[in-house]
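Novice: One predicted model, sequence on top.
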There are 2 protein chains.
Amino acid sequence: MVASRRAAMLELAILGLLQDSPMHGYELRKRLTGVLGAFRVVSYGSLYPCLRTLEHRAWISTSGDSATGRRTKITYELTAEGKEHFQAVLDRAGPTAWEDDSFDVHFAFFGRASRDARLRILEGRRSRLEQRLDAARTEAKERRERADAYTAELHRHGLEREEREIRWLSELIETERTAYSNADRTIDTSAPPDTD
Amino acid sequence: MVASRRAAMLELAILGLLQDSPMHGYELRKRLTGVLGAFRVVSYGSLYPCLRTLEHRAWISTSGDSATGRRTKITYELTAEGKEHFQAVLDRAGPTAWEDDSFDVHFAFFGRASRDARLRILEGRRSRLEQRLDAARTEAKERRERADAYTAELHRHGLEREEREIRWLSELIETERTAYSNADRTIDTSAPPDTD
DNA sequence: GTTAGCATGTAAGGAGTTACATGATTTT
DNA sequence: AAAATCATGTAACTCCTTACATGCTAAC
């Protein structure tokens, strides 16, 4: 029932995109490619079932699929409940938000989240990565003697990448914190309460 | 029949690990976590079926599962065919070798591949990433006006990460090429012909 | 002798991709 | 009017994970 992290992220991304304006599934898919990272392309086989789920939950509504036999373009639109739910998820900023799958999507919609939520997610992610880095370092030590130069280089590079990611997060956290004093100027947009 | 990129990589990793010494499935799994990147843990539900496939293809043989009713520890061991196949895959250095899933595993076994194969894979991967980077940049331009500060930062960071990855590959390529003149000293180990 | 960790497996189910099928609209 | 692209869907299939089931072995 928890709808698999990945599916949940797809849902969130869809709700987020529909926030801007109603759209067709086709258009949605193209934009999703952008939000979800330019890499992972969402297939229609995932998208349409997901849209139906969202409609079923009354978070989106459709217009265009009239009762006539003709097949028509369907425009998906956010409902009031949908907006509410989207905002609630953003502000909850629960522990799933900083997992690998979810982080990017949440980050992409930071502009609509409260600074509180942003900081929680950034910090959550950072400690997640730090913990992982520690584990990797420990493991690397244990393995050291049986690793050849290539394996060693691979792991060195992996650690470096993680470290850099952590530094990036630290900078963002710093920025968010200083932005506190001079009201949202460093990076714009705070969360609009609930209204449109 | 092509056994899904992921499964194929698991197979390669197993063959690679067994090259060093025979092992139990349990031990194998722990080591795989290392080779496959410390992140993705291989479940027994994947491992054992895979081992059976490998045995079926006569690339590994088992010892310990006697005909007596008692359950015994099973030690998996590479066969001559298995070694041959492993080496063939490493030296083929085909286009799949530089895809996301496969690259790390191939890299981890670079010590056993020819310099030729290493260079092919490194260069293949580099142009793969370059091509992806180009696509991402193009897309970023198109999207620029409707992106807020956070989305922009997310993509900026993504591009930077890719660029860094490309630089890393370039350095490795450079190293491999110069190593050519002073016979394998910069990074040790060349591929042992076929023998043990 | 009991707990904890080593060790091997399977079966069911979920998640999502691929391939297919169809139709509307715009461009050439 | 043909071709390309926009647009919507489904069904089968592949793969993997989860949860379960079992038993051995060393340590306390």
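Specialist: Ah, there it is. Numbering: from 1, shown residues only, chains lettered A, B, ... in the order given.

Novice: Spell out which parts of chain A neighbour DNA strand D.
Specialist: A:24-27, A:44-45, A:48-49, A:51-52, A:65, A:71, A:73-75 (CB under 7 Å from any atom of the strand). In this view, the C-beta of every residue, glycine as well, is placed from N, C-alpha and C.

Novice: burial count for whichever residue of chain A sits closest to DNA strand C?
Specialist: Nearest to DNA strand C in chain A, going by CB to the nearest atom of the strand, is A:Gly45, at a distance of 2.4 Å. Neighbourhood size, A:Gly45 [other CB atoms under 10 Å in any protein chain shown]: 8.

Novice: returning to that earlier point: take the residues of chain A next to DNA strand D and keep only those in helices.
Specialist: Mapping those onto helices (DSSP state H) picks out A:Gly25, A:Tyr26, A:Glu27, A:Tyr44, A:Gly45, A:Tyr48, A:Pro49, A:Leu51, A:Arg52.

Novice: Narrow those to just the buried residues.
Specialist: Buried subset of these (neighbour count, 16 or more other CB atoms under 10 Å in any protein chain shown): A:Gly25, A:Leu51.

Novice: can you list the residues of chain A near chain B?
Specialist: A:20, A:34-35, A:37-39, A:104, A:107-111, A:132, A:135-136, A:139, A:143, A:146, A:148-151, A:153-155, A:157-158, A:161, A:164, A:168, A:172, A:187-189 (CB under 8 Å from any CB of the partner chain).

Novice: domain assignment for chain A?
Specialist: Per automatic domain parsing, the structural domains of chain A span A:5-93, A:114-181.

Novice: Let's have the ones you listed in CSV, adding distance to B:Glu84.
Specialist: CSV is the format used below for the domains of chain A (distance: least, CB to CB, whole Å):
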stretch, distance to B:Glu84
domain A:5-93, 35
domain A:114-181, 21
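
Novice: Next one, pLDDT for A:Ala67 please.
Specialist: Per-residue confidence (pLDDT) for A:Ala67: 53.

Novice: same question, A:Asp184
Specialist: 47.

Novice: what does the one 3 residues further on give?
Specialist: Reading off the confidence values, A:Ile187 has pLDDT 52.

Novice: Can you give me every residue that contacts the residue of chain A found nearest DNA strand D?
Specialist: Minimum separation of chain A from DNA strand D (CB to the nearest atom of the strand) falls at A:Gly25, amounting to 3.1 Å. By CB atoms under 8 Å, 6 or more residues apart in numbering or on different chains, the contact list for A:Gly25 reads A:Tyr44, A:Leu47, A:Tyr48, A:Leu51, A:Ile74, A:Tyr76.

Novice: Apply 10 Å and report the result again.
Specialist: Neighbouring residues of A:Gly25 by CB atoms under 10 Å, 6 or more residues apart in numbering or on different chains: A:Ile14, A:Tyr44, A:Leu47, A:Tyr48, A:Cys50, A:Leu51, A:Thr62, A:Lys73, A:Ile74, A:Thr75, A:Tyr76.

Novice: my read: the fourth one touches A:Leu10, true?
Specialist: No - using CB atoms under 10 Å, A:Tyr48 is not in contact with A:Leu10; the gap is 11.3 Å.

Novice: would you say A:Thr62 is within a helix?
Specialist: No - counting by DSSP: H, G, I helix; E, B strand; the rest coil, A:Thr62 is not part of a helix but strand.

Novice: And for it, nearest residue in space, chain neighbours not counted?
Specialist: Closest residue to A:Thr62 apart from its sequence neighbours, by CB to CB, 6 or more residues apart in numbering or on different chains: A:Ile74 at 5.1 Å.

Novice: so how many other residues sit close to that neighbour?
Specialist: A:Ile74, neighbours per other CB under 10 Å, totals 17.

Novice: picking up where we left off before, pick the one among the contacts of A:Gly25 closest to A:Ser4.
Specialist: Of all the contacts of A:Gly25, A:Cys50 has the smallest distance to A:Ser4: 10.9 Å, by CB to CB.

Novice: Just the element for the closest residue to that closest one other than its chain neighbours, please.
Specialist: Closest residue to A:Cys50 apart from its sequence neighbours, by CB to CB, 6+ apart: A:Leu10 at 5.3 Å. Assigning secondary structure by DSSP states H and E places A:Leu10 in helix A:5-20.

Novice: for A:Leu133, same thing?
Specialist: Here A:Leu133, judged by DSSP H and E, is contained in helix A:115-143.

Novice: list the buried ones in that helix?
Specialist: Judged by neighbour count (16+ other CB under 10 Å), helix A:115-143 contains these buried residues: A:115, A:117-126, A:128-129, A:132-133, A:136, A:140, A:143.

Novice: so where's chain A uncertain?
Specialist: A:1-3, A:37-39, A:65-71, A:180-196 (pLDDT under 70).

Novice: Give me the helices and strands touching the helix ranked longest in it, please.
Specialist: Longest helix of chain A, by residue count under DSSP H: helix A:149-181. With contacts taken as 3 or more CB pairs under 10 Å, 6 or more residues apart in numbering or on different chains; DSSP states H and E, helix A:149-181 sits against helix A:115-143, helix B:25-35, helix B:100-108, helix B:149-179.
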